[in-house]
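1. need a structure here:
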Amino acid sequence: MIFIEGGTFSMGSDAHYPEERPVHRVRVDGFQIDETPVTNVEFSEFVEATGYRTFSESPPDPRDYPGILPEMLYAGSLVFHQPNGAVDLQDWTRWWSFLEGACWRHPYGPGSNINGLDDHPVVHVSYHDALAYARWRGKDLPTEAEWEFAARGGLDGAEYAWGSEFSPAGRHLANTWQGAFPTVNDVEDGYSRTSPVKAFPPNGYGLYDMIGNVWEWTSDWFSPRHEADPSKACCIPRNPRGGREADSHDPCQPEIRIPRKVLKGGSHLCAPNYCRRYRPAARHAEPIDTSTCHVGFRCVIRPGGSHEVT
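-> Numbers count the residues shown, from 1 in each chain. Predicted coordinates:
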C-alpha cells in the first residue's frame with residue numbers, strides 16, 4: 001500500500017458530464033491505498049481462505065426481484081461482446097449480455113478462465129463482494145473523495161492523472177479503447193481486454209491503473225451532482241461521503257429500487273466517441289447488485305481503521 005498525505009484539492013469537473021459538477025474544494029485526511037487494483041491471485045487467496053461465493057456465482061433470490069421470470073433465475077454476470085456492425089449508441093444491450101456462468105473465475109463465460117491472468121485485476125465483483133474482501137484484509141473501500149485525490153497524483157485540477165494531454169507524444173498511459181466504440185478497437189495500447197496491473201506507468205503518488213483498465217468501486221452512494229455549494233468557499237468538506245442511499249436509485253427505472261454506488265477511473269472500454277471517463281473527476285453510477293467484466297476495486301486503510309456504514 002501507498003500512504004497518501006492528506007490535503008485539499010479541487011474535486012469534480014465543470015467541463016464534461018453533468019454528474020461531475022460542480023468543482024468544489026475538499027479536504028482529505030491521510031490514508032493508505034492499494035498500489036494496484038486487487039488482482040485475481042489476491043482475490044483467489046480470499047476465496048480459498050473463506051469459501052466465499054460472489055454475487056455472480058449465486059442464483060438471484062426471486063424475493064429481491066419481484067416479477068422476475070423463472071427462466072432468468074440463474075447465476076451470471078454482464079459480459080461485453082464486440083458487435084460486428086454499426087449499432088445505436090443509445091442501446092447498451094447491443095454490446096452487453098447477461099451471460100450464465102460468467103464470474104470472476106470465468107470472466108467471459110464458462111469456456112473462459114483466468115489462467116495466466118494472476119496479475120490482472122479481478123472482475124465480476126459486486127459492491128458487497130469488494131467490501132467482503134476489504135474487510136477480510138482489515139481494510140475498507142475508498143470514499144469517492146479519497147479515490148479522486150489519490151488518482152490525481154498531486155496534480156490538482158489537471159484533466160488527466162498525468163497532466164493535461166491524454167496521450168502525450170502519442171504515448172498511451174492507460175488501458176482504454178482506441179477506435180470507434182463498440183465496433184472498432186485499434187488496440188494501439190496493446191490490450192483489447194484487461195491488462196496486468198503494472199502495464200502502464202504509475203501516477204505521481206506511485207499508484208497504478210487509477211485510470212483505465214477497470215472501473216473501481218467506492219463507498220459513496222451515487223448522486224446526480226456533487227453535493228457541494230461552490231458559493232461557500234470557506235466551507236471545505238472534510239473527508240466527505242457523497243450522496244444518500246435513498247437518492248441513489250435510478251430515476252429512469254422507478255420500479256427497480258436497487259441503490260447505486262459511485263464507480264471511478266473508467267476502464268478499457270472507455271473511448272473518445274462514447275465514454276470520456278478516463279479522468280480522475282469522472283464518475284459513474286453502478287447498482288450494488290451488478291457485476292461486469294470491466295469493474296474491479298482497490299482498498300484503503302484509514303488511521304483508526306474506520307469503516308463505511310453500509
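2. now the helices for the stretch 51-200 of the chain?
-> 127-136, 144-152 (DSSP state H, counting those that start in this stretch).
3. which residues belonging to the longest one are considered buried?
-> Applying a neighbour-count criterion of 16 or more other Cβ atoms under 10 Å, one finds Tyr127, Asp129, Ala130, Leu131, Ala132, Tyr133, Ala134 buried in helix 127-136. Where C-beta positions appear, they are placed from N, C-alpha and C, glycine not excepted.
4. can you list contacts of it?
-> 38, 43, 46, 49-50, 52, 54-55, 125, 140-141, 217, 219, 261, 286, 288-289, 291, 296-297, 299, 307-308, 310 (Cβ atoms under 8 Å, 6 or more residues apart in numbering).
5. same question, the last one
-> Outside of helix 144-152, the residues that reach it under the criterion Cβ under 8 Å, 6+ apart are 4, 7, 9, 11, 26, 28, 31, 33, 142, 158, 161, 203-205, 207, 210-211, 216, 218-220, 237, 239-240, 242, 262, 264-265, 280-281, 283, 300.
6. dump the residue contacts of Leu207.
-> Leu207 neighbours (Cβ under 8 Å, 6+ apart): Ile2, Ile33, Glu35, Thr36, Ala150, Ala151, Gly153.
7. and these as JSON lines, adding pLDDT?
-> Below are the contacts of Leu207 laid out as JSON lines (pLDDT from 0 to 100):
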{"residue": "Ile2", "pLDDT": "97"}
{"residue": "Ile33", "pLDDT": "98"}
{"residue": "Glu35", "pLDDT": "98"}
{"residue": "Thr36", "pLDDT": "98"}
{"residue": "Ala150", "pLDDT": "98"}
{"residue": "Ala151", "pLDDT": "98"}
{"residue": "Gly153", "pLDDT": "97"}
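8. any of those buried? List them.
-> For the contacts of Leu207, buried by 16+ other Cβ under 10 Å: Ile33, Glu35, Thr36, Ala150, Ala151, Gly153.
9. state the pLDDT value of the nearest residue to Ser58 once chain neighbours are set aside.
-> Closest residue in space to Ser58, ignoring its immediate chain neighbours: Ala75 at 5.7 Å, by Cβ to Cβ, 6 or more residues apart in numbering. Listed pLDDT for Ala75 reads 93.
10. now the one 3 residues further on
-> Among the per-residue scores, Leu78 holds a pLDDT of 96.
11. neighbours around it, how many?
-> 18 (other Cβ atoms under 10 Å).
12. what sits against the residue nearest to it when sequence neighbours are not counted?
-> Taking Cβ to Cβ, 6+ apart, and ignoring the residues beside it in sequence, Leu78 has Thr292 as its nearest neighbour in space, at 4.2 Å. Residues in contact with Thr292 (Cβ under 8 Å, 6+ apart) are Ser77, Leu78, Val79, Phe80, Trp96, Val123, His124.
13. compute the distance between the residue lying closest to Pro59 once chain neighbours are set aside and Gly154, please.
-> Distances taken as Cβ to Cβ, 6+ apart place Ala75 nearest to Pro59, at 5.0 Å, with adjacent residues excluded. Here the criterion is Cβ to Cβ, to the nearest Å. By it, Ala75 lies 43 Å from Gly154.
14. distance of the closest residue in space to Ser192 that isn't next to it in sequence from Asp91?
-> Nearest non-adjacent residue to Ser192, counting by Cβ to Cβ, 6+ apart: Asn185, 5.6 Å away. For Asn185, the distance to Asp91 equals 19 Å [Cβ to Cβ].
15. of these two, which one has the most company?
-> Asn185 (19 against 9).
16. I figured the more buried one hits Gly179, correct?
-> Yes - contact criterion Cβ atoms under 8 Å: Asn185 and Gly179 qualify, at 5.0 Å.
17. got the helices of the stretch 51-200 of the chain as TSV, with distance to His226 columns?
-> As requested, the helices of the stretch 51-200 of the chain are exported to TSV (distance: least, Cβ to Cβ, whole Å):
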stretch	distance to His226
helix 127-136	20
helix 144-152	9
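18. how about those, which one is nearest Ser192?
-> helix 144-152 (23.7 Å; Cβ to Cβ).
19. just checking: what are the partner strands of the following helix or strand past that closest one?
-> With elements assigned by DSSP states H and E, the helix or strand that comes after helix 144-152 is strand 215-221. Counting by DSSP bridges, the strands paired with strand 215-221 are strand 260-264 (antiparallel), strand 295-296 (parallel).
20. off-centre distance for strand 215-221?
-> 6 Å (Cα atoms, centre = their mean, to the nearest Å).
21. give the buried residues for that strand.
-> Trp215, Glu216, Trp217, Thr218, Ser219, Asp220, Trp221.
22. just stretch 141-153 next, same as before
-> 141-153.
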